[in-house]
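S.K.: here is a sequence together with a model predicted from it:
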Amino acid sequence: MKSDFARFYKENIDRIYRYVFFRVGRNREVAEDLVSEIFMKAHKAYDTFDETVSKSAWIYRIAHNHLANHYRDRKQDVDIEDVALTLVGEDGNKTMERHGTAMILQNALEKLLPDERRVVTMKYLEGYTYEDMAPILGKAADALKVATFRAMKKLKTLCISSKQN
């Protein structure tokens, strides 16, 4: 049982970390804390895990619920120290360029439909395979490939039009 969970942890830690990291404003410290808590919850419940359910869907659901609780419980104040880390750089022009590109991408992602945004972030930011995404999203892997291709095409168009404006 212990070795099963260790293998499960190794198989899922990177994608769950990326999932959390991008949802907490790329705050490494908060992401690490939340991911630790998520896997502690998973470890406690691992012996009741139903093998007929996809393990990636199971841990993804735990992560999703934990993040929802985190946002519900946290105060809405922004700590200037958290923001300062994203602004510090040796070359202010490079920092602004990276920040500008990230903002264009973020704005374009926000213009996608929720389902489009979800497949793009799961595939390209969180590192899920289409086969892993299928049970989570309740769709066939082939359908997700098509949906992701279309969403990426739309995202590229949105980014290009934002750069031109």
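M.R.: That came in fine, so what should we check first?

S.K.: give me the distance between the two termini of stretch 45-57.
M.R.: Stretch 45-57 has an end-to-end distance of 14 Å (C-alpha to C-alpha, to the nearest Å).

S.K.: what are the buried residues along that stretch?
M.R.: Judged by neighbour count (16 or more other C-beta atoms under 10 Å), stretch 45-57 contains these buried residues: 46, 54-57. In this view, the C-beta of every residue, glycine as well, is placed from N, C-alpha and C.

S.K.: out of those residues, name the ones that lie in strands.
M.R.: Using DSSP state E, no member of the buried residues of stretch 45-57 sits in strands.

S.K.: extract the CA atoms of stretch 21-33 and return them as CSV.
M.R.: Coordinates of each C-alpha in stretch 21-33 appear next as CSV, following Å, rounded to 0.1, in the frame of the first residue of the first chain:
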residue,chain,number,x,y,z
PHE,A,21,0.9,26.9,-9.4
PHE,A,22,-1.0,28.6,-12.2
ARG,A,23,-4.1,29.0,-10.1
VAL,A,24,-2.4,30.7,-7.2
GLY,A,25,-0.7,33.4,-9.3
ARG,A,26,2.5,31.5,-9.8
ASN,A,27,3.3,31.8,-6.1
ARG,A,28,5.8,29.0,-5.5
GLU,A,29,5.5,29.0,-1.7
VAL,A,30,1.7,28.9,-1.7
ALA,A,31,1.7,26.2,-4.4
GLU,A,32,4.1,24.0,-2.5
ASP,A,33,2.0,24.3,0.7
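
S.K.: contacts for that stretch?
M.R.: When contacts are defined by C-beta atoms under 8 Å, 6 or more residues apart in numbering, stretch 21-33 is touched by residues 17, 20, 34, 67, 70, 82, 86, 121, 125-126.
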